[in-house]
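Q: Quick one, what's the 3D model for this:
(chains A and B)
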Protein chains: 2
Amino acid sequence: MNPFRFQNPTALYYGKGQIEEYLAAEVTKVGKTVLLVYGGGSIKRNGLYDKVVGILKSAGVTIHELSGVETNPRLTTVHKGIDICRKEGVDLILAVGGGSVIDCSKAIAMGVKYEGDVWEIYARKGAATGALPLGTILTLAATGSEMNSGGVITNWETKEKLGGGSPYTFPAFSFCDPENTYTVPKDQTVYGICDMLSHCFEHYFHPTEHTPLQQHLIEAVISTIVENARFAVDNPEDYNARETIMYCSTMALNGMINMGVQGDWACHAIEHEISAIYDIPHGGGLAIVFPNWMDHVVNVNPQRFANLATRVFHVDPTGKSTEELAGIAIEKVREFFRSIGAPTRLADYDIGSENVERMAEQAVRFKPIGNFTLLGKEDVQQILKASL
Amino acid sequence: MNPFRFQNPTALYYGKGQIEEYLAAEVTKVGKTVLLVYGGGSIKRNGLYDKVVGILKSAGVTIHELSGVETNPRLTTVHKGIDICRKEGVDLILAVGGGSVIDCSKAIAMGVKYEGDVWEIYARKGAATGALPLGTILTLAATGSEMNSGGVITNWETKEKLGGGSPYTFPAFSFCDPENTYTVPKDQTVYGICDMLSHCFEHYFHPTEHTPLQQHLIEAVISTIVENARFAVDNPEDYNARETIMYCSTMALNGMINMGVQGDWACHAIEHEISAIYDIPHGGGLAIVFPNWMDHVVNVNPQRFANLATRVFHVDPTGKSTEELAGIAIEKVREFFRSIGAPTRLADYDIGSENVERMAEQAVRFKPIGNFTLLGKEDVQQILKASL
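A: Sure, this is the predicted structure:
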């Protein structure tokens, strides 16, 4: 494996009753003025908003609000949040929502401490110089943003969707209560599952040598998702299934299963270009792109794919070549996405070939993408065409 | 799974060259006066002592020393360390060694900030009130102490060996360079492997319901140990094997694979009683006790043992009952310990039945032990007798 430094300081709370018991203490440890960030208002409908506001008010906390954070959070919304924090002297940002709300909050947290426009950090023209403390209450199992330092912001002026982060943007604390995901609609549950599984794949298909434990750990998360996803999709109020899926989403991207591993991330880069133009759900885009990426790169290391077949999908290897097993693994991945009702083609979102070249060009505009193998514009175009 | 709070703030450095590049910065971030704690002097023979002292001196650090820490570190040694820290105004304790040295350093770190005798913390008569900052340079893959907050101290006056810790005793940083384990003798390498595998078993055999991801993560570490141990045992300078085993030892006990799981720990409690009297290597004692504990408790949850057979040892389940598979799993565990040259009976250490009753009594003196199932004095006696 590669030499690495790992540190993840987030205090992670899992399970029901944790918010009631520990939220006030975690918040007031940091300060008394909070910016509450949330999305379209589902937390008002399901009662979480009232619960959180009640707890904060009882603890003597002053609350400012930024609501309406978009599914693909926009730079303009980030700017609004930065303004509020500066004007009101906010001590702590409390993100109540899914990855979008948390990612937006991370951008705000960095932006408050950054002299220029925070977009510079995402556009690789500047580095974060600090961040306001951030806490999260997770309501959607998907991105893992509750326990890592990264996030994705969309700039609609430039039609760019870029990831960024800093050592300052790990949440100080995150509360993950599976009951807060009961009201997540079926399609969002599915997209979340596609997202977390894609994070595992991005780690799994890497070029780093001698990583037996990392491979097994990643297989552990993939197996658990594959074995349990349908229960959360079929029965939204199955506590154990919601908990398992939520926990998989956190573990898929908190750095614990992929230390010393150089992940791939080409599919994420490609998907970002799709949703930067079409604003489709991130998880849906990933479910479409990933199997086609796999077809495109399988010959780079067929054994890795064969391992997926035998260790995760329990395919009997007797009489099958490595290449055959690799092909079966990709079909099993397609089958899994289909089984939970994920989209399988860009046509499912009425996306045609009109922007394929532009998206491919954008995806590689900094440099070729990927680490398992490098993809140039032509590769990305082929993968996108196969996804139509 | 159980509701949980998880936080592990240790900055973990893995791989060769990390000490040279980052040690000085990590130390001087904390202070300029260091207590260097180490064991019997192997670090002087293999050059690590000179390297570390050179780096610290170049960074302008004042070094005090505590050497000769025992395999089962003694309270008297801890007291010596506390005296030095108080007298010399030490800012940071730097433990260079294996689990014994690190555990001793944790006790010193707590003791410096504790008004009474630090033993009270281990004897459950007091709680830590703080700790000096602690850094580690690991030289033996075994206990995982480099990335957790616990440790074990032996009080020879009372013939007690007790575990303890606090939220203050996570190392601030730990450097794990596999090359620093090249000179570990074969028997110590084996004991370390027995220890890390036992930690996995303590997590794996738990009574907590609905923990599919935790089960798979623990299986991932067990599989990696089982598949790679022999390479490190057979070829002490195999960098990749040493790295894999070292990394397994860290991941086995840093809390990442067992969040929300109530582990068992009966075998550790039993082994502590054996080595409190006979001063045998901890890992050797565990290798002897664990398979016999398994025989004693297998009927509590045969399916868990059967999973171990099929998922880790790849036993074909066709035509076998759960109970048969469970029995095979235990034999596979015995076989693995034997294959790496671990002891299999207490007789290997010339231990007879003379103290069986006393050890059993001591093991349960606070209360019955274990969580997978509760063991009373009679159970412990049976397990010890089967281990003779």
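Q: where does the stretch 101-250 of chain A have low pLDDT?
A: For the stretch 101-250 of chain A, no stretch is flagged by pLDDT under 70.
Q: all helices for it, in order.
A: In the stretch 101-250 of chain A, the helices defined using DSSP state H, counting those that start in this stretch lie at A:119-122, A:186-204, A:212-234, A:239-252.
Q: Using TSV, lay out these together with distance to B:Leu375 and mean neighbour count.
A: C-beta coordinates here come from the backbone N, C-alpha and C atoms, glycine included. As requested, these are exported to TSV (distance: least, Cβ to Cβ, whole Å; neighbours: other Cβ atoms under 10 Å in any protein chain shown):
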stretch	distance to B:Leu375	mean neighbour count
helix A:119-122	56	21
helix A:186-204	38	24
helix A:212-234	29	23
helix A:239-252	29	25
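Q: could those go into CSV alongside distance to B:Glu70?
A: Shown next, in CSV, are those (distance: least, Cβ to Cβ, whole Å):
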stretch, distance to B:Glu70
helix A:119-122, 51
helix A:186-204, 41
helix A:212-234, 31
helix A:239-252, 38
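Q: most distant residue from the middle of chain A?
A: Residue farthest from the centre of chain A, counting by Cα atoms, centre = their mean, is A:Gly319 at 38.3 Å.
Q: SS state for that residue?
A: Assigned state for A:Gly319: coil (three-state reduction, DSSP: H, G, I helix; E, B strand; the rest coil).
Q: Near chain B, which residues of the stretch 251-388 of chain A? Just list them.
A: By Cβ under 8 Å from any Cβ of the partner chain, the residues of the stretch 251-388 of chain A that approach chain B are A:251, A:256, A:259-260.
Q: quick one: which of those residues is nearest A:His272?
A: For these, the residue nearest A:His272 by Cβ to Cβ is A:Met251; the value is 22.9 Å.
Q: Tell me where the stretch 1-150 of chain A has strands.
A: Ranges of strands in the stretch 1-150 of chain A, per DSSP state E, counting those that start in this stretch, are A:4-14, A:33-37, A:62-66, A:92-97, A:134-138, A:150-155.
Q: and A:Tyr38, backbone torsions?
A: Main-chain torsions, A:Tyr38, degrees, to the nearest 10: phi -150, psi 180.
Q: Contact partners for it?
A: If you count contacts by Cβ atoms under 8 Å, 6 or more residues apart in numbering or on different chains, A:Tyr38 has them with A:49, A:65-67, A:69, A:95-97, A:101.
Q: Apply the buried test to these and list what passes.
A: Among the contacts of A:Tyr38, the ones that count as buried by 16 or more other Cβ atoms under 10 Å in any protein chain shown are A:49, A:66-67, A:69, A:95-97, A:101.
Q: Same list (the residues you listed) but as a markdown table, adding distance to chain B.
A: Shown next, in a markdown table, are the buried ones among the contacts of A:Tyr38 (distance: Cβ to the nearest Cβ, whole Å):
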| residue | distance to chain B |
| --- | --- |
| A:Tyr49 | 22 |
| A:Leu66 | 27 |
| A:Ser67 | 29 |
| A:Val69 | 27 |
| A:Ala95 | 18 |
| A:Val96 | 19 |
| A:Gly97 | 21 |
| A:Val101 | 22 |
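Q: Need the contacts of A:Tyr38 in JSON lines (columns: distance to B:Ile274).
A: What follows is those, written out as JSON lines (distance: Cβ to Cβ, whole Å):
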{"residue": "A:Tyr49", "distance to B:Ile274": "56"}
{"residue": "A:Glu65", "distance to B:Ile274": "60"}
{"residue": "A:Leu66", "distance to B:Ile274": "60"}
{"residue": "A:Ser67", "distance to B:Ile274": "61"}
{"residue": "A:Val69", "distance to B:Ile274": "58"}
{"residue": "A:Ala95", "distance to B:Ile274": "51"}
{"residue": "A:Val96", "distance to B:Ile274": "52"}
{"residue": "A:Gly97", "distance to B:Ile274": "53"}
{"residue": "A:Val101", "distance to B:Ile274": "53"}
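Q: I'd say A:Ser42 and A:Tyr182 touch.
A: No - using Cβ atoms under 8 Å, A:Ser42 makes no contact with A:Tyr182, being 11.1 Å away.
Q: Which one's more surrounded, the two?
A: Legend: neighbour count by other Cβ atoms under 10 Å in any protein chain shown for A:Ser42 and A:Tyr182, higher for A:Ser42 (19 against 15).
Q: How about the contacts made by that one?
A: Listed by Cβ under 8 Å, 6+ apart, the contact partners of A:Ser42 are A:139, A:183.
Q: now it: how far from chain B?
A: Applying Cβ to the nearest Cβ, to the nearest Å, the value for A:Ser42 to chain B is 24 Å.
Q: now do A:Gly31
A: With distances taken as Cβ to the nearest Cβ, A:Gly31 is found 19 Å from chain B.
Q: That residue: neighbouring residues, count only.
A: There are 15 residues near A:Gly31, going by other Cβ under 10 Å.
Q: Skip the chain neighbours and tell me the closest residue to it.
A: Counting by Cβ to Cβ, 6 or more residues apart in numbering or on different chains, A:Gly31 lies nearest to A:Asp91, which is 2.4 Å off, once chain neighbours are set aside.
Q: Return the member of the residues of the stretch 251-388 of chain A next to chain B nearest to B:His206.
A: The shortest separation between B:His206 and any of those is 17.8 Å, and it belongs to A:Met251 (by Cβ to Cβ).
Q: Just to check, the closest one is in contact with A:Val221?
A: Yes - counting by Cβ under 8 Å, A:Met251 touches A:Val221, with 5.6 Å between them.
Q: Quickly list what's touching both of the two.
A: A:257, B:213, B:217.
Q: Is chain B within reach of stretch A:146-163?
A: No - applying Cβ under 8 Å from any Cβ, one finds stretch A:146-163 separated from chain B by no less than 9.3 Å.
Q: sorry, back to before: can you list the strands of the stretch 1-150 of chain A in a markdown table and add distance to A:Glu323?
A: A markdown table is the format used below for the strands of the stretch 1-150 of chain A (distance: least, Cβ to Cβ, whole Å):
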| stretch | distance to A:Glu323 |
| --- | --- |
| strand A:4-14 | 32 |
| strand A:33-37 | 49 |
| strand A:62-66 | 52 |
| strand A:92-97 | 44 |
| strand A:134-138 | 41 |
| strand A:150-155 | 35 |
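Q: State the phi and psi torsions of A:Ile280.
A: A:Ile280 adopts backbone torsions of phi -80, psi 160, taken as degrees, to the nearest 10.
Q: what's the burial count for it?
A: 22.
Q: Chain B versus the residue nearest to it when sequence neighbours are not counted, what's the distance?
A: Closest residue to A:Ile280 apart from its sequence neighbours, by Cβ to Cβ, 6+ apart: A:Tyr349 at 4.9 Å. Between A:Tyr349 and chain B the computed distance is 31 Å (Cβ to the nearest Cβ).
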